[in-house]
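K.L.:
My questions are about this predicted structure, shown below with the sequence.
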Amino acid sequence: MRSLIDILELSTAELDELIAVAEDIIANPKKYSEACKGKKLATLFFEPSTRTRLSFEAAMYELGGNVLGFSEANSSSTAKGESVSDTAKTVSCYADIIAMRHPKEGAPLVASMNASIPVINAGDGGHNHPTQTLADLLTIKREKGSLSGFTIGFCGDLKFGRTVHSLIAALSRYKDIKVVLISPDELKLPDYIRKDILEKNNIPFVQTESLEKVMPDLDILYMTRVQRERFFNEADYIRLKDSYILNPKKLETAKPDLAILHPLPRVNEISVAIDDDPRACYFKQVLNGKYMRMALILKLLEVEVK
């Protein structure tokens with residue numbers, strides 16, 4: 001039995017395999033429509049979610065399986081004080097696989113150590129979000145044709161952005177990647193990510209506060225929102241929330257084949273005027289997330305489709 005807590009638990013060969021399966025699902029959906037018949041996915045979401053939760057549910061239904069679970073902590077026994085470990089042991093009696101989102105870093109890891117079924121980390125605090133990274137990788141592969149040989153800019157909240165941390169970790173194992181970190185000083189990438197991933201793997205990177213300055217160099221722009229729920233001080237959030245707003249004017253110097261990604265939800269950091277630009281890929285990202293979660297469920301349940 002295997003779980004997925006951190007994207008680095010998957011080798012590049014396994015990532016490539018998941019992408020290949022996802023692309024086969026896109027091409028041949030009927031082939032997979034009963035692959036998980038009789039299987040149940042438990043969605044344990046202790047934190048609000050639209051895309052991730054519904055994507056997991058849609059993924060399991062489209063594989064022919066069923067879904068049970070909850071969408072907020074107050075509707076579970078954790079409201080009565082039940083521990084994550086006890087919840088995991090209990091849900092293992094009812095389901096075949098768990099997708100868990102939790103505001104506390106490390107909670108899905110604790111669940112995986114106590115469950116008797118696979119656990120997928122669907123986001124834990126500001127730490128990791130491996131299945132969003134899978135969606136990002138499939139989007140990059142389909143838009144750029146490869147997971148190597150490009151310059152990617154991460155813009156916005158790089159301090160608390162778990163999607164940024166996970167994607168940087170995943171890309172660190174591919175060749176010829178250049179990283180541009182665009183953020184206010186208060187929301188810079190954590191030192192441990194910079195030192196343990198970028199510097200350790202000799203990945204060229206620059207840090208800047210100016211999106212306009214680096215826009216012409218980017219092949220991919222990964223926008224993020226400033227996350228209100230990660231701030232302890234409301235005044236700091238208000239001061240920083242509008243640090244970067246992408247609008248058509250800022251794209252005037254961008255490459256014609258730039259791919260604009262965003263893990264969503266957005267607040268106002270990408271103008272709706274960008275949505276019809278062919279370079280906007282964030283709603284493709286949403287759909288790609290479903291296909292990659294389908295591929296991951298198949299892998300962790302050890303289901304082979306021929």
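P.N.:
Here it is on my side, so go on.

K.L.:
which ones are touching the nearest residue to residue 284 once chain neighbours are set aside?
P.N.:
Distance criterion Cβ to Cβ, 6 or more residues apart in numbering; nearest residue to residue 284, sequence neighbours excluded, is residue 139 at 5.9 Å. Backbone N, C-alpha and C define where each C-beta goes, glycine included. Taking Cβ atoms under 8 Å, 6 or more residues apart in numbering as the contact definition, residue 139 lies against 259, 261, 281, 284-285, 288.

K.L.:
Distance of the nearest residue to residue 8 once chain neighbours are set aside relative to residue 118?
P.N.:
Nearest residue to residue 8, sequence neighbours excluded (Cβ to Cβ, 6+ apart): residue 169, at 5.5 Å. When distance is defined by Cβ to Cβ, to the nearest Å, residue 169 is 21 Å away from residue 118.

K.L.:
got it, and residue 196?
P.N.:
To residue 118, residue 196 is 27 Å away according to Cβ to Cβ.

K.L.:
So for these two, which residue has more residues nearby?
P.N.:
More neighbours surround residue 118 than the other of residue 196 and residue 118, with 22 against 13 (other Cβ atoms under 10 Å).

K.L.:
Verify the contact between the more buried one and residue 300 for me.
P.N.:
Yes: the criterion here is Cβ atoms under 8 Å, and residue 118 meets it with residue 300 at 4.1 Å.

K.L.:
what's the overlap in contacts for the two?
P.N.:
Both residue 118 and residue 300 are contacted by 2-4, 97, under the criterion Cβ under 8 Å, 6+ apart.

K.L.:
so which of these is the most crowded?
P.N.:
residue 97 (25 neighbours).

K.L.:
Leaving out the residues flanking it, which one is nearest to it?
P.N.:
Nearest in space to residue 97, with sequence neighbours left out and distances taken as Cβ to Cβ, 6+ apart, is residue 118 at 4.8 Å.

K.L.:
distance of that neighbour from residue 1?
P.N.:
6 Å.

K.L.:
Pop the domain breakdown of the protein in here.
P.N.:
As assigned by automatic domain parsing, the chain contains the domains 7-129+289-300, 130-286.

K.L.:
Show me which of the contacts of residue 139 is closest to residue 62.
P.N.:
Nearest to residue 62 among the contacts of residue 139: residue 288, at 13.8 Å, using Cβ to Cβ.

K.L.:
quick one: contacts for that closest one?
P.N.:
Residues in contact with residue 288 (Cβ under 8 Å, 6+ apart) are 22, 135, 138-139, 142.

K.L.:
Can you turn the buried part of these into a ChimeraX selection?
P.N.:
In ChimeraX syntax, the buried subset of the contacts of residue 288 is picked out as below (16 or more other Cβ atoms under 10 Å):
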select :22,135,138,139,142
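
K.L.:
how many neighbours does residue 94 have?
P.N.:
Neighbours of residue 94 using other Cβ under 10 Å come to 12.
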